[in-house]
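Student: coordinates for the following, if possible.
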Amino acid sequence: MDLADIFNYAFVQRAFLAGILIAAVSSILGVFLVLRRFSLIGDGLAHVTFGSVAVVMMIGVSPAYITLAALPLVMISSLAILKLTGSKRIQGDAAIGIVSSVGIAAGIVLASLSGGYNLDLFSYLFGNILTVTQAELLLSFIVLVVVVAVVFFFYDELLAITFDEELARTMGIKTKRINMMLFLLTAVTAVLAMKIAGIMLVSAMLILPPLTALQLSLSFRMTIFSSVLFSVSSVISGLLLAFLLNLPAGGTIVIINIGFLLLTYGAKKILPVKR
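Tutor: Below you'll find the predicted structure:
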């Protein structure tokens, strides 16, 4: 069977579409997270996702709805991180670490109580993009539309908060509302991305494409666009290689992302950008 024949299957088409949609969402949000030093929120929420998946699996939720059932718990956890960060007594990385520790610990305990790690749980740890459902695909499209709309309508506010949140607050910008939207959208993205890269590699989807784009020293808008381009390219090429060489899709996508980062970093060192 050649590559053209593979695309005749509906689950393969869903895999590519979902991969492209989530790649675009994660790369857009990732630019704001990386610049605000919240890069590890993806990793923290991924650990929470592990705990949430263990919870819904223990309850007995149908495998087809596990992703959707885990969403509320991860979204609540993202707000917990935001609340802890806003206390001014706990730094952002420490807040992420607290919630992350609770999530992974709960997942381990619940997995043990439910009879140990099973195949379904491992599929969420390492990703299985071929199991993307129609509902998850639709949700991915809705999230992309929402993210693009938020960036379009709140671009100035997001830009101000990204570079100086205190100044943005004094300017009358409702920073709490903007932060809440950003964290909630990141939570949804982290849950959806676990089907592509797996819980263990979700943070890579949020961090690597923005870091690659930032090496190019472009304008802020072009940095977002470049981040999306790198992310989508890595997903498409990663899935193609995974199908052709029988490789795990999530790991292949992340390795290609790392390759893009190394290439742009190396090119920047050899051919420095004129300012």
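Student: so, low pLDDT: which residues of the chain?
Tutor: Applying pLDDT under 70 to the chain flags residues 1-4, 63-64, 86-93, 111, 114-126, 200, 272-275.
Student: can you do 90?
Tutor: The chain contains residues with pLDDT under 90 at 1-16, 18-19, 33-140, 154-183, 186-206, 216-219, 239-240, 242-254, 265-275.
Student: do you have the helices of it handy? List them.
Tutor: Per DSSP state H, the chain has helices spanning 3-6, 10-35, 41-59, 66-85, 92-113, 119-126, 134-153, 155-163, 165-170, 175-193, 202-214, 220-245, 249-270. These are given in chain order.
Student: going by neighbour count, list what's buried in the fifth one.
Tutor: Yep, that's helix 92-113 we're talking about. 92, 95-97, 99-100, 102-104, 106-107, 110-111 (16 or more other Cβ atoms under 10 Å). Just so you know, the C-beta spots here come from the backbone N, C-alpha and C atoms, and that holds for glycine as well.
Student: ok, those vs Val232, which is closest?
Tutor: Nearest to Val232, judged by Cβ to Cβ, of these is Ile96 at 26.6 Å.
Student: so how far is Val188 from that closest one?
Tutor: Remark: distance between Ile96 and Val188 (Cβ to Cβ, to the nearest Å) = 17 Å.
Student: residues contacting the residue nearest to Ile96 when sequence neighbours are not counted?
Tutor: Sequence neighbours aside, Gly44 is the residue nearest to Ile96 in space, at 3.8 Å (criterion: Cβ to Cβ, 6 or more residues apart in numbering). By Cβ atoms under 8 Å, 6 or more residues apart in numbering, the contact set of Gly44 is Ile81, Ile96, Gly97, Val99, Ser100, Gly103.
Student: make CSV out of those and add distance to Met222.
Tutor: Supplementary listing: those in CSV, determined by distance: Cβ to Cβ, whole Å:
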residue, distance to Met222
Ile81, 29
Ile96, 29
Gly97, 33
Val99, 33
Ser100, 32
Gly103, 35
